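**Q** Here is a sequence with its predicted model. Questions after.
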Amino acid sequence: MFKLNRLTDYGVVVLTQMSGNPGALRTAPQIAQDTGVPLPTVAKLLNALAHERLITSHRGAAGGYTLNRPAEAISVAEIIQALEGPIALTACVDGASGGCDVESLCPMRGNWDKVNKAIHGALSAVTLADMATGFLDFGIVPESDTDAPELRAD
């Protein structure tokens, strides 16, 4: 089964929440409260996302985190790569070597690249803004001043 780890799932949740008000400085405790993701996990995610330059860390008493680019310019593929590394279904994609004991004899060598490129292309075509649309489709407002997400009665 191809499955993202929980940290990456939470990373998309955190970034989606931040995209609701992209210019606003958001602190780790605020993000944790608004998303329901535990504070230590949010702090770990923010550090990793800042290291990969998807967000910017602003230090000081009035500091926090902001998105580096508009949500429309951040792909799901970038988020996955920032938190999990290169997108690869098998050890032998993208010319990697040393990941398999029978790689020199394998008739599939190189063929997985086609699948990998298709998946990477699909993930690159979906943006953070696309992911945030789900909040609105289900009536959940991304920016909330309460402990729980607000639900709209449409």
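**A** Ah, there it is. Numbers count the residues shown, from 1 in each chain.
**Q** mind listing what's buried in stretch 11-22?
**A** Gly11, Val12, Val13, Val14, Leu15, Thr16, Gln17, Met18, Ser19, Gly20 (16 or more other Cβ atoms under 10 Å). (C-beta placed from N, C-alpha, C; glycine too.)
**Q** quick check, nearest of those to Thr66?
**A** Met18 (7.4 Å; Cβ to Cβ).
**Q** Find me the pLDDT at the residue of the chain positioned farthest from its centre, would you?
**A** Relative to the mean C-alpha coordinate of the chain, counting by Cα atoms, centre = their mean, the farthest residue is Leu105 (36.3 Å). The per-residue pLDDT reported for Leu105 equals 75.
**Q** Tell me the secondary structure of it, please.
**A** coil (DSSP: H, G, I helix; E, B strand; the rest coil).
**Q** Run through the helices of this protein in chain order.
**A** Ranges of helices within the chain are 6-19, 28-35, 39-51, 76-84, 112-125, 128-137, based on DSSP state H.
**Q** I'd like to know which of the ones you listed has the weakest mean confidence.
**A** Across those, helix 128-137 gives the lowest mean pLDDT, at a mean of 76.
**Q** ok so, going back, for Trp112, see how far away the residue farthest from the centre of the chain is.
**A** Distance from Leu105 to Trp112, counting by Cβ to Cβ, to the nearest Å: 15 Å.
**Q** still on that earlier bit, out of the helices of the chain, the one nearest Asn68 is which?
**A** Of all these, helix 39-51 sits nearest to Asn68, with 8.9 Å by Cβ to Cβ.
**Q** tell me what the closest one is packed against?
**A** helix 6-19, helix 28-35, strand 55-58, helix 76-84 (3 or more Cβ pairs under 8 Å, 6 or more residues apart in numbering; DSSP states H and E).
**Q** which residues sit against the longest one?
**A** Residues lying outside helix 6-19 but in contact with it, judged by Cβ atoms under 8 Å, 6 or more residues apart in numbering, are 26, 31, 34-35, 37, 41-42, 44-46, 48-49, 54-55, 65-67, 71, 74, 76, 79-80, 82-84, 128-129, 131-132, 135, 142-143.
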